[in-house]
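Visitor: turn this into a model:
(2 chains)
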Amino acid sequence: MRSHHHHFAVSTDGPDKNDDVERAKCEGKEMTKEEKQRLRKEKKQQKKSKEKKDDAASQESEKGKKSDGKSSPASQPLPKPTTQKAPSAVPAPAPFPMPASEAPAPADKPAKSKAELKAERRARQEADRASKQGSKKGEVGPQASAGKPKAPPSELQPVVKRLPEHMQVDNPDVLKKLAKKLERQQIPLRLDYGYKVSLFSHLHQYSRKAPLTQQLSIPSTVIHPAIVRLGLQYSQGIVAGSNARSVALLHAFKQVISDYTTPPNEELSRDLVNKLKPYISFLNQCRPLSASMGNAIKYIKKEISNIPSQCKEEEAKRKLLNCIECYINEKIILAAKAIAKYSIEKISDGDVILVYGCSSLVNHILCEAFEKAIKFHVIVVDSRPRLEGREALRRLVQRGISCTYVLISAVSYILPEVSKVFLGAHALLANGYVMSRVGTSQIALVAKAFNVPVLVCCETYKFCDRVQTDSFVSNELDDPDDLIVTRKGKTQLEDWQQVDSLGLLNLVYDVTPPDFVDLVITDLGMIPCTSVPVVLRVKNVDQ
Amino acid sequence: MPGPDKETDLTERIEAFLSDLKRGGSGTGPLRGSAEMARETTSLLRRITAQARWSSAGDLMEIIRKEGRRMIAAQPSETTVGNMIRRVLKIIREEYARSRGSSEETDQQESLHKLLTSGGLSEENFRQHFTALKANVIEAINELLTELEGTTDNIAMQALEHIHSNEVIMTIGRSRTVEAFLKDAARKRKFHVIVAECAPFCQGHKMATSLSKSGIETTVITDAAIFAVMSRVNKVIIGTQTVLANGGLRAVNGTHTLALAAKHHSTPLIICAPMFKLSPQFPNEEDTFHKFVSPHEVLPFTEGEILSKVNVHCPVFDYVPPELITLFISNIGGHAPSYIYRLMSELYHPEDHEL
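Guide: Prediction:
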């Protein structure tokens, strides 16, 4: 890590250096490397001073153990396991900005120090407990992670997760921080639209008629045109569906990497990651990132930072492009083939299969099964306002599969005829809940009431270590104007904005509890819903 | 002569009513509410009683049954018509029995002994002529009409007993009874209403605009979000098209899903249904239970050539079993679903269940 030597630096920058930074920002150019470093240093020092104050209480026990702990290798278990898991995906509250996931690293200072305070308190508790037991176990605390590159999965670190910004829209501090960060990255901020239902005031709600690209200046020097196009495609719904979005993202990143040239005195591994950050913020503003996209971005960043510094630029770029190709091939295309193979064992002659909406994976499975000359009938269930089922219907009918089409309100009429339900997933959460298009949980509920087996098909790269129990805390609110419909020349909800007490709610996702799901078919095999954290753990050990 | 004129006038009115029924029930859900339908049927039956030629109660019942069968055949899904006919037949039987002087008690309670020995009420009893019968029957039908006028208000009056403040209430589609119910409660209490729009007819939109204009906090959600939102809902209050004899419902499609979601979250499901919606049918007749409308509502003709290769269904009604229902609120008070059979025996005579 590059900033080890900054670890205990105490020098303070003068106020004149700050002015330079401000000037650079006002001029709208990209800040030079020195200015960025200065900013980073300042922030680090402020954090350090805070830490020093907190450390004063637990200095003795901690300092003593630190010297022993640093020399001993990492795999020493804590005296008591903490309540939180330690998947490698979460950024530890490190004092220096590690290239973490898309969460803003240097920006969230107060939130970070709160998290740090918590970590501090916990560290003190652990230290006290350890001192009581009189054993010299591995220490905990932010300084500890300095010595180890990454926590091995066997040690349970008290990782404090930072709440993502898109779930804290009702907190004005977070919004201010986001605005500052976007300003620094020179990306326009997207404004919320329309009256938000009070239950969802913590989420963003954007209008499709006001895409972010209208606020960009032409030519935009900060954002690559492939990314601008991608962002527009996301926000208008032209590219939809989690596989499609991830593949589009990876292709756009391939374009970015091949167009990239390392500036002088910079290393590709560090600079490229920093270049990608504003792109990711921009895409996030266009449409909140999905879990699969998040995992893909993490993978790319890891690959980039693992490029050795002596590698020539051409070779490094070639390697990265190859990595991305491999990722798409392995995690999406081959995974789909594997899942289709497993699923075909579950489809037999004479089956009536119910599918919901348009899942690329489920469509692939059905087409494969049809190729294998299994005779089955498909019922496609659709819902307003997206009406994605029509797309699935077109694809299936083109292949020659016999289909029926109903809306979701008719599902309890049609379910007595159904023998199996196949559902796609947007993400699988660590507590076994399936996050998918809104309406999926409803179909699973009714299928359970009629005793019809529900099978969820999901690739492993969509597994996510978040936990969630209801559809409120983290969701996406789509444009509320989509609900307006004109029937027989009358549009009832036309002036819904004028009426004070009327709100329209257009949810995008919902979570299905694991007791509604009978089986999850992944590329690793057929597992029950509750085995998702096991798969995550195995994957982390591999990486 | 006044006689034939009256008769032709009567037949004209009956024909007009029948064609109205045939037209009104087709397509986009009920064009007029069931209450209006019930009122029209009852006034028509009163007119038949007044103007048709009959000498004894049996004749009148025959005439009404004949016309009733035609009305039901014109629009089988409109069960209020059949219900009103059965009510009027019961009225006729009661008035006849009262005129004859026999107490109603012995007639109604069909003891096992009576069933085995006498084989039920004998038909020829209705052949006696009573001069006052016509007037009595018409008076009783007027009472029935007044009852029908006041059903919505009676139900709305009970609103404050069931809704407390800061509740979140969910409803689906559009029901005039539920609208009046919620508006009445909103005069004194503040609560939030979530309306499921109920595709493809989207009646929920009209309900939402109407409620929000009365100052109630309303949110419109899609049908797909019913389960997602249900965890925050305190009560589900819906209307229905028909209440079946076993306590189940024939309600607008999507209601079964709503009832299952409410059961999963242990949220009470309250049905606001006036008594004239109670029908002595059971849900076992699969072919007559469902009604379908044009699949154009679901998959429009603009979709092109896939239309010829795809089956499209657009059912209008859903069956909700009585186990999922918590309470019925009717104009005579609140009842559990298990009590419905008793109410039915008070409203209709068992011999009239099959017209």
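Visitor: looking at the chain, which helix or strand is least sure?
Guide: Let's take chain A. Every helix and strand of chain A was ranked by mean pLDDT, DSSP states H and E. The lowest is helix A:144-147, at a mean of 38.
Visitor: um, chain B though
Guide: helix B:104-108 (a mean of 52).
Visitor: can you pull out the strands in the chain?
Guide: This is for chain A. A:351-356, A:376-382, A:403-407, A:420-424, A:427-428, A:434-437, A:454-457, A:486-487, A:490-491, A:502-504, A:509-512, A:519-522, A:525-527 (DSSP state E).
Visitor: sorry, I should have been clearer: chain B.
Guide: According to DSSP E, the strands that chain B contains are B:168-172, B:192-196, B:217-221, B:235-238, B:242-243, B:249-252, B:269-272, B:310-312, B:317-320, B:327-330, B:333-335.
Visitor: residues in contact with whichever residue of the stretch 151-300 of chain A sits closest to chain B?
Guide: In the stretch 151-300 of chain A, no residue comes nearer to chain B than residue A:197, which is 5.0 Å away by C-beta to the nearest C-beta. Placement of C-beta: from N, CA and C, glycine included. Taking C-beta atoms under 8 Å, 6 or more residues apart in numbering or on different chains as the contact definition, residue A:197 lies against A:503, A:505, B:219.
Visitor: adding neighbour count, distance to residue B:95 and pLDDT, write the residues you listed out as CSV.
Guide: Below are those laid out as CSV (neighbours: other C-beta atoms under 10 Å in any protein chain shown; distance: C-beta to C-beta, whole Å; pLDDT from 0 to 100):
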residue, neighbour count, distance to residue B:95, pLDDT
A:503, 25, 54, 90
A:505, 21, 54, 91
B:219, 24, 51, 93
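Visitor: need the strands of chain A in TSV with distance to residue A:241, can you?
Guide: Formatted as TSV, the strands of chain A follow (distance: least, C-beta to C-beta, whole Å):
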stretch	distance to residue A:241
strand A:351-356	13
strand A:376-382	15
strand A:403-407	19
strand A:420-424	9
strand A:427-428	13
strand A:434-437	9
strand A:454-457	13
strand A:486-487	27
strand A:490-491	29
strand A:502-504	24
strand A:509-512	13
strand A:519-522	18
strand A:525-527	23
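Visitor: may I ask you to confirm that residue A:278 is in contact with residue A:181?
Guide: No. Look at residue A:278 against residue A:181 with C-beta atoms under 8 Å: they stay out of range, at 9.5 Å.
Visitor: ok, residue 188 - contacts?
Guide: Since no chain was named, I'll use chain A. With C-beta under 8 Å, 6+ apart, residue A:188 has these contacts: A:182, A:212, A:215-216, A:285.
Visitor: oops, wrong one, chain B.
Guide: By C-beta under 8 Å, 6+ apart, the contact list for residue B:188 reads residue B:160.
Visitor: one more pass at 10 Å, please.
Guide: For residue B:188, the contact set (C-beta atoms under 10 Å, 6 or more residues apart in numbering or on different chains) comprises B:159-160, B:163, B:165.
Visitor: who is residue A:525 paired with across the strands?
Guide: Counting by DSSP bridges, residue A:525 is bridged to residue A:522.
Visitor: chain B versus that one, what's the distance?
Guide: Distance, residue A:525 to chain B, by C-beta to the nearest C-beta, to the nearest Å: 29 Å.
Visitor: quick check, that residue in contact with residue A:335.
Guide: No. Using C-beta atoms under 10 Å, residue A:525 is not in contact with residue A:335; the gap is 11.7 Å.
Visitor: low pLDDT regions in the stretch 151-300 of chain A?
Guide: The model of the stretch 151-300 of chain A has pLDDT under 70 over residues A:151-161, A:218-220.
Visitor: up against chain B, what does it have?
Guide: By C-beta under 10 Å from any C-beta of the partner chain, the residues of the stretch 151-300 of chain A that approach chain B are A:195, A:197-200.
Visitor: of the strands of chain A, which is nearest residue A:119?
Guide: Nearest to residue A:119, of all the strands of chain A, is strand A:427-428, at 27.2 Å by C-beta to C-beta.
Visitor: so what's the gap between that closest one and the chain middle?
Guide: Distance, stretch centre to chain centre, for strand A:427-428: 11 Å (C-alpha atoms, centre = their mean, to the nearest Å).
Visitor: list the contacts for the residue in the stretch 151-300 of chain B that chain A sits nearest to?
Guide: Among the residues of the stretch 151-300 of chain B, residue B:224 lies closest to chain A, at 3.0 Å counting by C-beta to the nearest C-beta. When contacts are counted by C-beta under 10 Å, 6+ apart, residue B:224 touches A:356-357, A:381-386, A:407-409, A:437-443, A:507, A:510, B:196, B:199, B:257.
Visitor: farthest pair in the contacts of residue A:188?
Guide: Maximum pairwise distance among those (C-beta to C-beta): 12.0 Å, between A:182 and A:216.
Visitor: redo the contacts of residue A:197 as TSV? Include distance to residue B:335.
Guide: Formatted as TSV, those follow (distance: C-beta to C-beta, whole Å):
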residue	distance to residue B:335
A:503	34
A:505	33
B:219	30
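Visitor: which one of the residues you listed sits closest to residue B:20?
Guide: residue B:219 (36.4 Å).
Visitor: the closest one contacts residue A:499, doesn't it?
Guide: No. The criterion here is C-beta under 10 Å, and residue B:219 misses it with residue A:499 at 11.9 Å.
Visitor: shared neighbours, these two?
Guide: Common neighbours of residue B:219 and residue A:499 are listed as A:195, B:208, B:212 (criterion: C-beta under 10 Å, 6+ apart).
Visitor: quick check: the first one touching residue A:481?
Guide: No. Here residue A:195 lies out of contact with residue A:481, judged by C-beta under 10 Å, at a distance of 11.7 Å.
Visitor: and for the two, which residues touch both?
Guide: With contacts defined as C-beta under 10 Å, 6+ apart, the residues adjacent to both residue A:195 and residue A:481 are A:496-497, A:504.
Visitor: can you report how many residues neighbour residue A:451?
Guide: When neighbours are counted by other C-beta atoms under 10 Å in any protein chain shown, residue A:451 registers 7.
Visitor: which residues touch it?
Guide: Taking C-beta under 10 Å, 6+ apart, one finds residue A:415 in contact with residue A:451.
Visitor: now it, what are its backbone angles?
Guide: Backbone torsions of residue A:451, given as degrees, to the nearest 10, read phi 60, psi 40.
Visitor: who touches residue A:182 in this structure?
Guide: A:104, A:107, A:188-190, A:278, A:281-282, A:284-285 are the contacts of residue A:182 under C-beta under 10 Å, 6+ apart.
Visitor: export those to TSV and append columns for distance to residue B:172.
Guide: Putting the contacts of residue A:182 into TSV (distance: C-beta to C-beta, whole Å) gives the following:
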residue	distance to residue B:172
A:104	42
A:107	44
A:188	40
A:189	38
A:190	33
A:278	45
A:281	41
A:282	40
A:284	35
A:285	36
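Visitor: tell me which of those fall in helices.
Guide: In this view, the contacts of residue A:182 that belong to helices under DSSP state H are A:278, A:281-282, A:284-285.
Visitor: distance of the residue of the stretch 151-300 of chain A closest to chain B from residue B:216?
Guide: Noted for residue A:197: a distance of 14 Å to residue B:216, by C-beta to C-beta, to the nearest Å.
Visitor: tell me, what's touching those two both at once?
Guide: Both residue A:197 and residue B:216 are contacted by residue B:192, under the criterion C-beta under 10 Å, 6+ apart.
Visitor: looking at residue B:260 now. What's its pLDDT?
Guide: If you check residue B:260, the pLDDT there is 96.
Visitor: can you get me a residue count around it?
Guide: Residue B:260 is flanked by 24 other residues according to other C-beta under 10 Å.
Visitor: same question for the one 10 residues further on.
Guide: The local packing count at residue B:270 equals 23, with neighbours defined by other C-beta under 10 Å.
Visitor: which one (most neighbours) among the ones in helices among the contacts of residue A:182?
Guide: The residue in the ones in helices among the contacts of residue A:182 with the most neighbours, by other C-beta under 10 Å, is residue A:282 (26 neighbours).
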